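Undergrad: Provided below are the primary sequence and the corresponding predicted coordinates.
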Amino acid sequence: MVKLLSSHCVWSLLATLLALEAIIVNAFDYGDALDKTLLFFEAQRSGKLPMNQRVKWRGDSGLHDGYAQGVNLVGGYYDAGDHVKFGLPMAYSMTMLSWAAIDFRTELVSLNQMGQTLRAIKWGTDYFIKAHPKPYVLWGQVGDGTSDHYCWERAEDMTTSRTAYKLDPENPGSDLAGETAAALAAASIAFKPYDSSYSNLLLVHAKQIFSFANRFRGYYDESIESAKQFYTSSGYSDELLWAATWLYRATKDEYFLKFVVDNCVSLGGTGWAVKEFSWDNKYAGVQILLSKVLLDGAGGAYTSTLKQYQAKANYFACACLQKNDGYNVRKTPGGLLYVREWNNLQYPASAAFLLAVYSDYLAKAKSVVKCPNAQLHPQELLDFAKSQADYILGKNPESISYLVGYGQKYPVHVHHRGASIASISLLKSAVGCVEGFETWYKRSQVNPNVIFGALVGGPNVNDEFSDDRSNYEQTEPTLTGTAPLVGLFSRLHSLNRSSTGKASITNYPRNLPLLTTNHQHFSLFLAAVPVEFLHSITNSWGVGMQTYYRHKVIIKNVSQKPIRELKLYIVKLTGSLWGLSPTRQKNIYELPEWLKVIEPGSECTFVYIQGGAQAKIIVQSYH
């Protein structure tokens with residue numbers, strides 16, 4: 001054991017940084033975008049917040065959810081800018097996070113973000129386990145959207161109804177139950193390398209919920225009528241196929257593959273050619289997942305039917321890339337896929353994720369997509385996915401990032417109750433229902449809390465956007481919009497690494513000015529310690545009168561021996577930090593649970609955000 005407090009040796013590498021920026025100026029820092037995206041899920045947490053909560057303006061809330069109905073439904077996520085826990089979009093979001101953790105595991109691990117991703121998933125799946133107390137009972141919603149929308153108050157001050165609504169054999173909901181089964185099955189795969197017992201528990205619940213969804217069929221919004229106004233279901237056939245497909249991937253049990261083959265016509269799997277992938281329509285996801293089975297050479301006796309599924313998967317890809325003989329997804333003049341007026345960005349985000357996944361499946365099999373107007377190679381699908389991500393991050397006619405907190409210009413009047421009202425840690429008195437509207441909703445100033453990583457609804461069909469809190473169609477963020485970005489950004493980050501040989505330090509679109517006056521680049525070398533720190537300020541932005549900075553620190557093992565149990569003492573840290581795990585000791589951080597050793601020559605990264613000067617980093621101990 002070595003214990004020391006070392007002096008800092010600091011020198012400037014500004015010229016090197018600017019030279020590197022000149023090379024990668026057309027790229028975006030997808031790693032930074034991913035950092036922020038994961039923070040959004042912490043801002044949406046309901047329940048008793050954990051000690052390692054990084055979004056400090058949030059507090060405990062919804063601590064008695066379900067108690068009136070005799071069930072513990074504490075936890076889970078608030079849906080959007082309100083405080084209802086809608087089961088269907090929440091489950092879809094957990095499925096998308098889990099898919100990212102499965103297919104882009106290598107990328108997330110290299111970014112030191114697998115732990116944060118799994119924690120985001122587990123916050124949802126723990127809730128689903130509570131919501132499934134019996135094989136044929138699933139609690140599908142907490143809160144009432146109508147009464148909730150009458151009030152503008154923080155989650156910590158909620159005075160609106162917290163009624164819980166359930167599904168059972170007399171009140172079925174195959175769409176909601178099917179999506180929940182899919183989420184739990186996908187999560188079981190994501191957790192399997194890290195926590196096999198939890199993975200097995202998730203799978204038990206997934207199988208039971210799928211059986212419930214399939215045996216007692218019905219629309220969930222006919223059983224939970226208060227959901228109809230907000231998340232109306234177009235059908236449950238796709239969710240049954242979706243759940244069975246994920247269960248097959250999780251178990252390799254032929255029963256589930258046979259289910260999607262035997263029901264391919266009756267449930268529309270090989271009949272529906274779609275141009276949308278979303279919380280309500282899973283057909284394209286089913287078709288691409290089953291195409292993977294075919295491309296992997298595992299189709300066996302089901303090959304002919306799987307080819308029909310793949311034909312519909314190709315239809316979706318061709319429609320997105322405008323190669324489908326006129327039957328294409330609509331696009332804005334700026335190049336964004338446009339599906340619906342309300343919260344449109346969730347659709348290109350989901351489509352981009354799906355195309356990135358399909359690109360990898362095709363590339364591995366050395367296959368292509370044959371469209372009516374062209375033959376698409378895997379790289380073309382990935383390039384198109386990148387174009388949608390880049391639009392979101394600032395390469396658009398408005399030159400604005402629609403991911404809150406990313407870049408130099410982003411929405412600051414987000415339609416979100418908690419973000420728009422002073423934090424309960426600062427304003428300890430309750431904010432009433434009407435007071436919230438009068439004092440906070442109607443104010444012209446920017447939101448007092450930056451809800452990092454929130455993907456807002458986005459621009460209209462003409463690429464026009466109004467940053468107005470009352471413009472909820474464009475400025476409200478949702479779980480379903482943000483969730484696909486975790487996988488998308490992690491996959492695109494690997495493109496930056498492969499093109500530059502290392503992770504980019506800072507990336508901005510061409511139409512935004514470089515931060516030439518604010519960039520500093522330091523290397524901290526601790527004498528007698530085999531660790532080198534490369535510390536840089538990679539972004540800055542103003543919120544009101546305050547300027548915030550994103551600090552990135554690369555930890556490199558410059559010795560010839562592995563370094564274990566590294567603990568850092570971080571002084572003068574005032575903002576959020578991620579990439580390291582807090583310990584029980586104040587200001588002491590350690591490597592994340594999945595990265596206990598830094599091999600010789602290897603490096604890892606952590607980042608933090610705060611106003612003013614950088615924090616001081618001191619090695620406290622290591623082995």
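TA: Good, I have the coordinates.
Undergrad: can you list the low-confidence ranges for the stretch 201-350 of the chain?
TA: Applying pLDDT under 70 to the stretch 201-350 of the chain flags no residue at all.
Undergrad: next secondary structure after the host helix or strand of Gln208?
TA: Assigned by DSSP states H and E, Gln208 belongs to helix 196-215. Sequence order places helix 220-223 as the next helix or strand after helix 196-215, per DSSP H and E.
Undergrad: quick check: buried residues in that next one?
TA: For helix 220-223, a neighbour-count test (16 or more other Cβ atoms under 10 Å) marks Tyr220, Asp221, Ser223 as buried. Every residue, glycine included, has its C-beta placed from N, CA and C.
Undergrad: who touches that helix?
TA: When contacts are defined by Cβ atoms under 8 Å, 6 or more residues apart in numbering, helix 220-223 is touched by residues 87-88, 140, 165, 167, 171-177, 227-228, 231-233, 236.
Undergrad: if we can go back for a sec, dump the buried residues of helix 220-223 to a markdown table, plus distance to His623.
TA: A markdown table is the format used below for the buried residues of helix 220-223 (distance: Cβ to Cβ, whole Å):
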| residue | distance to His623 |
| --- | --- |
| Tyr220 | 52 |
| Asp221 | 56 |
| Ser223 | 56 |
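Undergrad: and these, which is closest to Ile121?
TA: In terms of Cβ to Cβ, no member of those lies closer to Ile121 than Tyr220, at 22.0 Å.
Undergrad: quick one: the residue nearest to that closest one when sequence neighbours are not counted from Ser420, how far?
TA: Nearest residue to Tyr220 in three dimensions, chain neighbours excluded: Gly173, at 2.8 Å (Cβ to Cβ, 6 or more residues apart in numbering). Using Cβ to Cβ, to the nearest Å, one obtains 33 Å as the distance from Gly173 to Ser420.
Undergrad: those two - which one has more neighbours?
TA: Neighbours per residue (other Cβ atoms under 10 Å) separate Gly173 from Ser420, with Gly173 holding more: 33 against 23.
Undergrad: isn't that one right next to Lys228, touching?
TA: No: between Gly173 and Lys228 there is no contact under Cβ atoms under 8 Å: 11.8 Å.
Undergrad: what separates Ala244 from Asp280, distance-wise?
TA: Taken as Cβ to Cβ, the span from Ala244 to Asp280 is 18 Å.
Undergrad: which of those two has more neighbours?
TA: Using other Cβ under 10 Å as the criterion, Ala244 and Asp280 rank with Ala244 on top: 29 against 19.
Undergrad: and the gap between that one and Leu257?
TA: On the measure of Cβ to Cβ, Ala244 and Leu257 end up 8 Å apart.
Undergrad: what distance do you get for the residue minimising distance to the centre of the chain to Leu257?
TA: Central residue of the chain (Cα atoms, centre = their mean): Ala483, 3.1 Å from the mean position. Per Cβ to Cβ, Ala483 is found 26 Å from Leu257.
Undergrad: now Ser399
TA: Separation of Ser399 from Leu257 (Cβ to Cβ) stands at 47 Å.
Undergrad: look at these two and report which has more neighbours.
TA: Neighbours per residue (other Cβ under 10 Å) separate Ser399 from Leu257, with Leu257 holding more: 25 against 14.
Undergrad: now that one. Nearest residue, chain neighbours left out?
TA: Distance criterion Cβ to Cβ, 6+ apart; nearest residue to Leu257, sequence neighbours excluded, is Tyr248 at 4.7 Å.
Undergrad: tell me the SS of the one you found?
TA: At Tyr248 the chain is in helix, as set by DSSP: H, G, I helix; E, B strand; the rest coil.
Undergrad: confirm for me that it is in contact with Phe256.
TA: Yes: the criterion here is Cβ under 8 Å, and Tyr248 meets it with Phe256 at 3.7 Å.
Undergrad: could you list the low-confidence segments of the chain?
TA: 1-26, 496-529, 542-546, 612.
Undergrad: longest single helix anywhere in it?
TA: As assigned by DSSP state H, the longest helix anywhere in the chain is helix 479-500.
Undergrad: buried ones in that helix, by neighbour count?
TA: 479-494, 496-497.
Undergrad: what helices or strands is that helix leaning on?
TA: helix 14-24, helix 30-43, helix 87-103, helix 105-110, helix 346-364, helix 378-393 (3 or more Cβ pairs under 8 Å, 6 or more residues apart in numbering; DSSP states H and E).
Undergrad: between the buried residues of helix 220-223, which sits nearest Pro562?
TA: Nearest to Pro562 among these, with distances taken as Cβ to Cβ, is Tyr220, at 51.4 Å.
Undergrad: from Val414, how far off is the closest one?
TA: 29 Å.
Undergrad: for stretch 268-286, list every residue counted as buried.
TA: Applying 16+ other Cβ under 10 Å to stretch 268-286 flags 268-270, 272-286 as buried.
Undergrad: just the endpoints, please. Distance across stretch 212-224?
TA: 16 Å (Cα to Cα, to the nearest Å).
Undergrad: report the distance from that stretch to the chain centre.
TA: Counting by Cα atoms, centre = their mean, to the nearest Å, stretch 212-224 is centred 28 Å from the centre of its parent chain.
Undergrad: same check, this time on stretch 416-426
TA: 22 Å.
Undergrad: for that stretch, buried residues please.
TA: Neighbour-count burial for stretch 416-426 [16+ other Cβ under 10 Å]: His416, Arg417, Gly418, Ala419, Ser420, Ile421, Ala422, Ser423, Ile424.
Undergrad: pretty sure the fifth one contacts Asn447?
TA: Pointing back at Ser420 there. Yes: using Cβ under 8 Å, Ser420 is in contact with Asn447, at 4.8 Å.
Undergrad: helix, strand, or coil at Pro461?
TA: Not Pro; residue 461 is Val. coil.
Undergrad: then the one 3 residues further on?
TA: Three-state assignment for Glu464 (three-state DSSP): coil.
Undergrad: and it, how far from His415?
TA: Going from Glu464 to His415 by Cβ to Cβ gives 17 Å.
Undergrad: and these two? which has more neighbours close in?
TA: More neighbours surround His415 than the other of Glu464 and His415, with 25 against 12 (other Cβ under 10 Å).
Undergrad: could you find the closest non-adjacent residue to that one?
TA: Using Cβ to Cβ, 6+ apart, the closest residue to His415 is Glu476 (4.0 Å).
Undergrad: wait, the one you found sits on His413?
TA: No: taking contacts as Cβ under 8 Å, Glu476 lies outside contact range of His413: 10.9 Å.
Undergrad: tell me the contacts of His149?
TA: Asp82.
Undergrad: hmm, back to that, just the ones in helices from the contacts of helix 220-223, please.
TA: Gly87, Leu88, Ser174, Asp175, Leu176, Ala177.
Undergrad: export these to CSV and tack on neighbour count and distance to Lys36?
TA: As requested, the ones in helices among the contacts of helix 220-223 are exported to CSV (neighbours: other Cβ atoms under 10 Å; distance: Cβ to Cβ, whole Å):
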residue, neighbour count, distance to Lys36
Gly87, 31, 26
Leu88, 29, 25
Ser174, 26, 35
Asp175, 31, 31
Leu176, 33, 29
Ala177, 34, 32
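Undergrad: how many neighbours does Lys364 have?
TA: Residues near Lys364, counting by other Cβ under 10 Å: 12.
Undergrad: number of residues surrounding the closest residue to it other than its chain neighbours?
TA: Using Cβ to Cβ, 6+ apart and skipping residues adjacent in sequence, the residue nearest Lys364 is Leu295, 7.1 Å away. By other Cβ under 10 Å, 20 other residues sit near Leu295.
Undergrad: also the one 3 residues further on?
TA: A total of 13 residues lie near Ala298 under the criterion other Cβ under 10 Å.
Undergrad: doesn't it fall inside a helix?
TA: No: assessed with three-state DSSP, Ala298 is coil; it does not lie in a helix.
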